[in-house]
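Trainee: requesting a structural model of the entry that follows:
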Amino acid sequence: MKNEKEVKKFVQDRYGKIASKKEPCCPTSCCSPEIIEQAKSMGYSEKEICSLPPDVVMGLGCGNPTALAELKEGQTVLDLGCGTGLDAFLASPKVGQRGKVIGVDMTPEMIDRAQENAKQDNYQNVEFRLGEIENLPVEDNSVDIIISNCVINLSPDKLATFKEAFRVLKPQGRMLISDLVTEGKLPEDIRQSFEAWACCIAGALEKKEYLDTIRKAGFRDVTIVAEHKYVEPGLDHRLAGKITSVQVRAHKRQQNR
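Mentor: Alright, predicted model coming up:
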């Protein structure tokens, strides 16, 4: 595998450039037909997309973790790799003013844009923190539910990420994440490609290894609740049928501490 620091620097620079675009990433608006169809393919509804600030939807992700997270009023939710805040903003009304949503991202430009969106649309129960998911700026045993959308595959140290998730969850807390995994071995040149890392491909683990890594971090009842083959325009033909989008649920059991 490539040097971890080099991978992180490349990914951070890439997503910083995405977040810093002067024009909205949507062709016309967040409710344009193109964006709505793209969002639907990832599990979002038209109503959800059109309820968000206009420049939040950037076409980054591989699922809709809030749809299966069963969020309830008063809960504290942590979004790993929150980007500009899409899933955090969708979680906000579900947990209500008695609840709280924390978004963490390692890219300053993403956090700046998320904070600006939160301020402009008056999301009072949402906050965004700059930090790495392998070393979360979050207290022990303080979060009810963790969500994440196609981000953990970008981490060079997934075990450290899942251990951090386990640390910050309250006893009996749970995690619902959307991510990419592989089915079979990927070509070595793709595994060693910075571009493929930033596109969520090179860092993806084989499905069984991914689930085993979550269990190794201390989680129990690790279950795939939804999955589908990942199809992306321009995807290398050698990857056909080898990349799967999964939504995984896992629980923190008190006796595992």
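Trainee: show me where the stretch 1-150 of the chain has helices.
Mentor: Counting by DSSP state H, counting those that start in this stretch, the stretch 1-150 of the chain has helices at residues 4-19, 33-41, 46-50, 65-68, 86-95, 108-120.
Trainee: oh, I was asking about the stretch 151-257 of the chain
Mentor: For the stretch 151-257 of the chain, the helices defined by DSSP H, counting those that start in this stretch occupy 158-168, 188-191, 194-198, 207-216.
Trainee: quick one, which of those helices is packed in tightest?
Mentor: helix 158-168 (a mean of 21; mean count of other C-beta atoms under 10 Å). C-betas here are computed from N, CA, C, even on glycine.
Trainee: the inter-axis angle of that helix versus helix 207-216?
Mentor: If you take axes from the mean of the first three to the mean of the last three C-alpha atoms, to 10 degrees, helix 158-168 sits at 40 degrees to helix 207-216.
Trainee: what helices and strands are in contact with helix 158-168?
Mentor: Using 3 or more C-beta pairs under 8 Å, 6 or more residues apart in numbering; DSSP states H and E, the elements in contact with helix 158-168 are strand 76-80, strand 143-149, helix 207-216.
Trainee: right, so of the helices of the stretch 1-150 of the chain, which gets closest to Val181?
Mentor: With C-beta to C-beta, the closest approach to Val181 among these belongs to helix 65-68: 15.1 Å.
Trainee: can I get that closest one in PDB, CA atoms only?
Mentor: This file holds the C-alpha atoms of helix 65-68, laid out as PDB (Å, rounded to 0.1, in the frame of the first residue of the first chain):
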ATOM      1  CA  PRO A  65     -27.200   6.100   5.800                       C
ATOM      2  CA  THR A  66     -29.900   8.300   7.400                       C
ATOM      3  CA  ALA A  67     -32.600   6.300   5.700                       C
ATOM      4  CA  LEU A  68     -31.800   3.100   7.700                       C
END
